[in-house]
Each structure stands twice: as C-alpha cells, then as structure tokens.
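1. any chance you can model this:
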Amino acid sequence: MKSREKYTAFNAWDNIYRAHKKSNIKNWFIGIFISLFIILLLPWTQNIQSKGKITTLWQEQRPQEINSPIAGKISKWWVKEGDFVKKGDTILQISEIKAEYLDPNLIGRTQEQIMAKKNSIQFYESKVSATEKQIGALSNAKKFKIEQLRNKWRQIENKLEGERAELLAAQNELSLAKDQYERQEKMFKEGLVSKTQLQLRSVSYQNSLAKKISFENKLNQTQQDFTNAKIEFNSIEQEYAEKMNKAESDKFQSLSIIETSKGDVSKLENQVSSYIIRNGMYILLAPQDGQIVQAKKAGIGEIIKEAENIATIVPNVANYAVEMYVRPVDLPLINIGQKVRFQFDGFPAIVFSGWPNTSYGTFGGEIRAVESNISDNGYFRILVTEDIKDKKWPKELRIGSGAQGIALLNDVPIWYELWRNINGFPPDYYKIVKNEKKK
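-> Below is the predicted model of the structure:
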C-alpha cells in the first residue's frame, strides 16, 4: 500500500495499471450473445448449388453442323468464318467426283431410256391385244369345227339307222328266201318241182345272202366312219387346245414383259428424280439465320465425304436456358417450376446463398425439365429457363458460357440449418403446389 502511494504522484501508474477501473467485458459478452441468438433466429434459404452452362431449350436454336449430303469436291466458298448469313444464303459449292454422275446429259439420257421403255410397253400391249384376238378367232374356229363334226355325227347316225333298217330287211328277205329254197329243195326231192325251179330258188337265196352281207359290210363301214369322227373330234379338241394354250402363253409372256418394263420405267423415273435432287445438292445453303464458325475444310479442291461436317452455324435467335447437373441424392429435392438463382460468367455479382433477396448481380430462373435417366458423369441433368417474373437475362449471353446455379429450397432458421449440417441431414423435402382452375 505504501508502495502504491509512493507512485501515485506519477501519471504513468494510472495509465498502465487499470485495476481500479470498471471492466465492460460482461456487457460485451452479453451483447455478443444476444446478437448471436438473434442471428440464429434469422431465416435462411436452403439451397443446392451446381455449376452449369448456357444452352437453349429448343434443339433448332442450338449450334448445328452443316454436313454435305453427297460426296464431292469443293469448288467455291461463298462465306468465311465469322460471317453472318440468312436462311437460304449460299455457303459452299461442290462438284461431282463419282463416275456414274459425271455425264453432263445424264438426266436427258435417262429420260430417253424411259421413253424407249414406254414405247416397248405400247408394243407389247399391242401384241397382247393381237394375241387376244387370235385366241378369240381360235375359239370361234373351234366352235365351228366342233359344230361341223356334230353335224357329220348326226348324218352318220342317220345313215346308220337307215343301214340298220336295210340290213334288217335284207335279213328278213334272206330268211324268206332260205325258207322258200328249203321247201323247193324238199319238193324237188319228192319230185313235185323241176330242177329249174329249184335253181331259181337257189339263185334267189344266194342273192339275198349276198345282199345281206353287202348291207353288213356297209353298216360296218359306216360304224367305222362314226368311230373315225369321234377320233377326229378328240384330235380337233387337242389341236385347238394346244393352239389356244400357246396363244395364252404368248399373251402372259407379253404381260410379264409389260409389268417388268413398268417396273423399269418406275426405277428410271426414280433415278431421274434422284438426279434432279442431287443436282440441287451441289449448292449448300444456310439452314437458318446465324453465324458461320468452325469451318472444317479449307481451300478449293478438297474432297469431302457424304455426311461429312463442313462447318457449324450458330443461330442468331436463341431462347437461352441453363443445363445443370445435380447429384442423385439431391434429385428428390428438385421439382418442375422450382426457382433458381444464377451468377453468369463475366457478370459481377455479390452472392449470399442463404439470402437470395440480398444478393446482387444474380438472375432468376425456373426449372423447366428434369431428365429421368442418369448422365454419363453420374449426375442428373436439369434444364432451367428464364424466370419471366424476374429481371431479364443479359443479351450478351452466349451458348457454352458458364453459370453458377443456386436452386432455392425451404426457408428455415439459421440454427436449424447449422444443426442439419452438423448432423449431416439432407435439406427439407418439399413440392411446389400449383393452383389449377377446374374446368
């Protein structure tokens, strides 16, 4: 105490030794504790962060390759890399290299072949018509011939009837002459008649017998004629059948040639159409408005293959979207219509991931599509389009540039978020509920 009083006369003692001063540590500790407590109660937006790149939602607005539809040789370039072209502008002119297309009058010669085939078809159609007339004539001739044979049959049948009647009369006459001859012979033996009378009866009997034999021979000859007429009928049937079959064969052969020629005509017409279309492929036109980039071929005279990439065209107009990849564990937290904040490459931004409303330089997006299959990199691909309710995306965006995406989830207190991360729990799962009007 005495030592302290000894130095009280000096100001240095009061400035260095402050044990007699009142401390504010307790107040500071209480203030910091209250501030931390208030901060822990502040809201925090859960989110999923992922890197992505600019693309488009529509396939036709993405950069596309300009491919050569045919193989050929470069004759002239009409554009250079970096040029902007309109739809239908000439990009490249190529010339033919295949031997089968080198003839400058190829289409005209093929059309001449078509005319020759068509004339051949007309000739064979005329032949078919003539063959049909020939078949009709043969059919009529066959009918006339058969009718003629039938008339001959009827005549022979009538003749047979008459000869049978004559033979029957001759048989009756022979029977009578024989009976008279036998009675005369008996009476001659008894001496009742003379030998002359017997001889007369014998001559009469012999004449009747000869007459009968003559009629039998005549009848047999007529029957033979009838049999020959039947054979002739069968011969006529076979003869005309062979002639008509041959004519039918010629007809069908001509019809076959006609159909084959029609097929050849169709094939040649198809070739002519292909040649005409191929002639239009020597000039490569711009499929849409855009900029020519990444020319794969340089110079004149280079050979290009069919479907080979020549250059790339980037469309002028694009509805930009961002493709992002999320982990499979985060996929259940992603829904169609969910909001996403973006920080685009080249655009300065101040980002507070948990407080999206206080961030500066970010742009809003809305999830449009979530792919159902996993990508090669082990993540799921999602497409995010511009949020029309937020500020517009910059016009300076280009396809392929990077973007940092923050998919917004539930709003929770900071203490809950800290507790969740310490325990390794996933963010809260929720779904966006959309109001739908009932029809």
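2. export the one helix or strand residue 325 maps to as CSV, just CAs?
-> Per DSSP states H and E, residue 325 falls inside strand 320-326. C-alpha atoms of strand 320-326 as CSV (Å, rounded to 0.1, in the frame of the first residue of the first chain):
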residue,chain,number,x,y,z
TYR,A,320,-31.5,-19.4,-73.6
ALA,A,321,-31.6,-22.0,-70.9
VAL,A,322,-29.1,-23.4,-68.4
GLU,A,323,-28.3,-27.0,-68.2
MET,A,324,-27.2,-28.1,-64.7
TYR,A,325,-26.2,-31.4,-63.1
VAL,A,326,-27.3,-32.4,-59.6
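3. can you list the buried residues in it?
-> Within strand 320-326, the residues that qualify as buried are 320-326, counting by 16 or more other Cβ atoms under 10 Å. Yep, even glycine has a C-beta here, placed from its N, CA and C like the rest.
4. any chance of the residues you listed in CSV, plus pLDDT and distance to residue 176?
-> Below are these laid out as CSV (pLDDT from 0 to 100; distance: Cβ to Cβ, whole Å):
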residue, pLDDT, distance to residue 176
320, 88, 135
321, 91, 131
322, 92, 136
323, 92, 131
324, 91, 135
325, 91, 133
326, 88, 135
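5. I'd like the average pLDDT over stretch 98-115.
-> For stretch 98-115, mean pLDDT rounds to 86.
6. thinking again about what came up before, out of the buried residues of strand 320-326, which comes closest to residue 377?
-> Closest to residue 377 out of the buried residues of strand 320-326 is residue 325 (6.5 Å), distances taken as Cβ to Cβ.
7. right, and the closest one touches residue 379 too?
-> Yes: taking contacts as Cβ atoms under 8 Å, residue 325 lies within contact range of residue 379: 3.6 Å.
8. got the contact list for residue 418?
-> residue 40 (Cβ atoms under 8 Å, 6 or more residues apart in numbering).
9. which of the helices or strands spans it?
-> Element membership for residue 418, per DSSP H and E: helix 414-423.
10. what about the strands in the stretch 1-150 of the chain?
-> 43-56, 64-67, 72-77, 84-85, 90-95 (DSSP state E, counting those that start in this stretch).
11. can I get these in TSV with distance to residue 205, mean pLDDT and mean neighbour count?
-> Shown next, in TSV, are those (distance: least, Cβ to Cβ, whole Å; pLDDT from 0 to 100; neighbours: other Cβ atoms under 10 Å):
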stretch	distance to residue 205	mean pLDDT	mean neighbour count
strand 43-56	131	81	18
strand 64-67	119	90	15
strand 72-77	116	90	17
strand 84-85	130	92	17
strand 90-95	117	90	18
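12. ok, which of those strands comes nearest residue 203?
-> strand 72-77 (117.9 Å).
13. where does the stretch 201-350 of the chain have low pLDDT?
-> Judged by pLDDT under 70, the stretch 201-350 of the chain has no weakly predicted residues.
14. my read is that residue 324 contacts residue 385, right?
-> No: counting by Cβ under 8 Å, residue 324 does not reach residue 385; the two are 11.9 Å apart.
15. quick check, distance from whichever strand or helix holds residue 208 to the centre of its chain.
-> Taking DSSP H and E as the definition, residue 208 sits inside helix 195-279. Counting by Cα atoms, centre = their mean, to the nearest Å, helix 195-279 is centred 56 Å from the centre of its parent chain.
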